[in-house]
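Undergrad: after the sequence you'll find the predicted model.
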Amino acid sequence: MKRRNSAVAIVVSVLVIIIGGMTAINWHWKESWKLFWYDLRNGFSGFGWLYPSALAAVFVLAALWSFVVYWILVRKKRYRYVAVYNFVCLFLLALCIVFNVKNAAASRTKCIWEPTKTIGHSFGVVNGDTYTGSWEAFEENYARGRRVMEVDILLTSDNKCVLKHEWDVPVQEGISEENVPDEETFLNTKLDGKYTPMSFEQLCGLMIKYPDLWVVTDTKYTQEDEIREQFEIMTETIKNTEGGHSEILDRFIVQVYNEQMYEFLQSQYGFKTYIFTMYKRFYTNDTVGIFRDVCRYCVNHGIEVVMLKHRRYDNYSEEIQKIADEYGLKLYIHTVNDLDAAEELLDAGVAGICTDEIYDSDL
C-alpha cells in the first residue's frame, strides 16, 4: 500500500505540473486544447519563441518536481505526508479537468449546416438585377436549385425587420437613408419600380414552407445596442412564426463582424451556426496577422466558416488560404460573379463563394 501511494505521488506530480501548467499557459494565451493541437501540428507558426518556451519549461519543471517529491517524501518514507500530498494533487487535477471540459465545450464546432459551393447574394440575380432581396429573386433562385441564400436586413421606422441592402439601394420611390419608411410603406413600394419587397416575417414563413432553405444574415449593425434591438426583433419574429421556433432558428447562419458581436449573440440567443465575416475586421494593414488572430478565435469558439472579399478587390491571397487550412476552417469569398474566377478560387482551396449569378450546378 505504501509503495502504491509512493508510485501515485510520482505520477500525480508529473500530471499536476504538466496539465496544470498547460492549462494556465493556455488560459493566459486564450488557447483551447483544440487550438493547441492545431498549433502543435503547425509548429506554432506565428507565435514566436515565448509560447513554445513556456511549454518546454512546464515539462522541465514536471521532471524536476517529480524528483523533489521522490527525494523528500518517498525516499525518506514520509508516507503520511505522501497520502495528503496525493489528495491535494488529485483535487487540483480535478479542477483542471473541469476547467478544460468547459473550455472544450466552448470550442466545439456548433455548425450544423453542410456548406455549399455557392451562397446566393441577396437571394441572387433576377432578370439581370442584383441586390433586390425580393420575392421574385427568391422564387427565381430557389427554382434554379439554390438552397443557401444571404439576405440584408434593416430596421424600419416602426422597428420591424425587412429585407433591404441599403435604404437607397435598390431604389424605392420616396424611400432613402434620410426618409426611412415604416414596414407598411416599405412593403407597398416596389423595388426598382418592379420587384416585390419582403419582410423578415415573410422570410420566416418561407423557411417553414421550404424546410431545405438556409438563410445567411447580413445585419449591418455592429454596436451592441443596435445589435440587441435588431436581434431581439428578429428572434421574437422567429418565435412567433407558425410552425416552429427552434426549427427555423437552426437554419439561420448568422454573420458576425467582430469578436464582441459573436460573444454578445452567443450569450443572448440560440443560434447554432455562424460565419465570421472579415470586411469590417481589417482595420489595419496587417491583413495576415489579423486574419490569423480571427482564425484562432474561430477555433476557440467553434466557428467553422470565415468569409472575406475577393482578391481582385481586397484581401484574399495564397497565404490567407494557407492559414485557413492550418486551422481547419472553411473559407468563403464574396462577391464573385465571374465563373473562371470562381473555379480558380475553388481549385485554390476555397470552400465556396457568395455570388449573384453562379449556381452550384455551374461548378
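TA: Noted; the coordinates are in hand. Numbers count the residues shown, from 1 in each chain.
Undergrad: quick one: the helices in the stretch 151-300 of the chain, in order.
TA: 183-187, 200-209, 224-239, 246-249, 259-268, 287-301 (DSSP state H, counting those that start in this stretch).
Undergrad: what residues of the shortest one count as buried?
TA: The one in question is helix 246-249. 248-249 (16 or more other CB atoms under 10 Å). The way it works is simple: take the backbone N, C-alpha and C, and place the C-beta from them, glycine included.
Undergrad: distance-wise, check the nearest residue to residue 52 once chain neighbours are set aside relative to residue 320.
TA: Leaving aside its sequence neighbours, residue 52 sits nearest to residue 44 (CB to CB, 6 or more residues apart in numbering; 5.1 Å). Using CB to CB, to the nearest Å, residue 44 is found at 19 Å from residue 320.
Undergrad: with adjacent residues omitted, what lies nearest to residue 219?
TA: Residue 219 sits nearest to residue 153 (CB to CB, 6+ apart), 5.1 Å away.
Undergrad: please give me every residue in contact with the one you found.
TA: 161-164, 200, 217-220, 230, 234 (CB atoms under 8 Å, 6 or more residues apart in numbering).
Undergrad: one more: residue 45?
TA: Residue 45 neighbours (CB under 8 Å, 6+ apart): 39, 326.
Undergrad: in a strand, it, correct?
TA: No. In this structure, residue 45 is coil, not part of a strand, as judged by DSSP: H, G, I helix; E, B strand; the rest coil.
Undergrad: for it, give me the pLDDT.
TA: As predicted, residue 45 sits at a pLDDT of 72.
Undergrad: for it, give its distance to residue 320.
TA: Distance from residue 45 to residue 320, by CB to CB: 14 Å.
Undergrad: same thing with residue 14?
TA: Applying CB to CB to residue 14 and residue 320 gives a distance of 40 Å.
Undergrad: neighbour count: those two, which is higher?
TA: residue 320 (22 against 16; other CB atoms under 10 Å).
Undergrad: and the strand or helix carrying that one, what does it pack onto?
TA: In the assignment (DSSP states H and E), residue 320 maps to helix 318-326. Here helix 318-326 touches helix 287-301, strand 330-334, going by 3 or more CB pairs under 8 Å, 6 or more residues apart in numbering; DSSP states H and E.
Undergrad: quick revisit: the residue nearest to residue 52: neighbour count?
TA: Using other CB under 10 Å: residue 44 sits among 16 other residues.
Undergrad: same question, residue 179
TA: What residue 179 shows, counting by other CB under 10 Å, is a neighbour count of 11.
Undergrad: also the one 5 residues further on?
TA: Around residue 184 there are 12 other residues, counting by other CB under 10 Å.
Undergrad: max-length helix in the protein?
TA: helix 79-107 (DSSP state H).
Undergrad: that helix vs helix 259-268, what angle?
TA: Between the axes of helix 79-107 and helix 259-268, defined by axes from the mean of the first three to the mean of the last three CA atoms, to 10 degrees, the angle is 100 degrees.
Undergrad: averaged pLDDT, the very next helix or strand once past helix 79-107. What do you get?
TA: As assigned by DSSP H and E, the chain's next helix or strand after helix 79-107 is strand 118-120. Averaging pLDDT along strand 118-120 yields 98.
Undergrad: for stretch 181-196, same thing?
TA: 97.
Undergrad: endpoints of it, how far apart?
TA: For stretch 181-196, the first-to-last residue distance is 15 Å (CA to CA, to the nearest Å).
Undergrad: buried ones in it, by neighbour count?
TA: 181, 183, 185-187, 191, 195-196.
Undergrad: let's have these in TSV, adding distance to residue 172.
TA: Putting those into TSV (distance: CB to CB, whole Å) gives the following:
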residue	distance to residue 172
181	8
183	13
185	9
186	7
187	10
191	6
195	10
196	11
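Undergrad: and these, which two are furthest apart?
TA: 183 and 195 (16.9 Å; CB to CB).
Undergrad: per-residue pLDDT, the residue nearest the centre of the chain?
TA: Centroid check for the chain by CA atoms, centre = their mean gives residue 303 as the closest residue, at 2.9 Å. Per-residue pLDDT puts residue 303 at 93.
Undergrad: give me the element it is part of.
TA: Judged by DSSP H and E, residue 303 forms part of no helix or strand.
Undergrad: my guess is it contacts residue 263, does it?
TA: No. With contact defined as CB atoms under 8 Å, residue 303 does not count as touching residue 263 (11.3 Å).
Undergrad: coming back round to it: out of the helices of the stretch 151-300 of the chain, which gets nearest to residue 360?
TA: Taking the helices of the stretch 151-300 of the chain one by one with CB to CB, helix 200-209 is closest: 19.5 Å.
Undergrad: restrict the closest one to CA atoms and write it as PDB.
TA: Provided in PDB are the C-alpha atoms of helix 200-209 (Å, rounded to 0.1, in the frame of the first residue of the first chain):
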ATOM      1  CA  PHE A 200     -38.400  39.300 -42.300                       C
ATOM      2  CA  GLU A 201     -41.700  37.800 -41.100                       C
ATOM      3  CA  GLN A 202     -42.400  36.700 -44.600                       C
ATOM      4  CA  LEU A 203     -39.000  35.200 -44.900                       C
ATOM      5  CA  CYS A 204     -39.600  33.100 -41.800                       C
ATOM      6  CA  GLY A 205     -42.800  31.900 -43.400                       C
ATOM      7  CA  LEU A 206     -40.800  30.800 -46.400                       C
ATOM      8  CA  MET A 207     -38.400  28.900 -44.200                       C
ATOM      9  CA  ILE A 208     -41.400  26.900 -42.800                       C
ATOM     10  CA  LYS A 209     -42.700  26.300 -46.300                       C
END
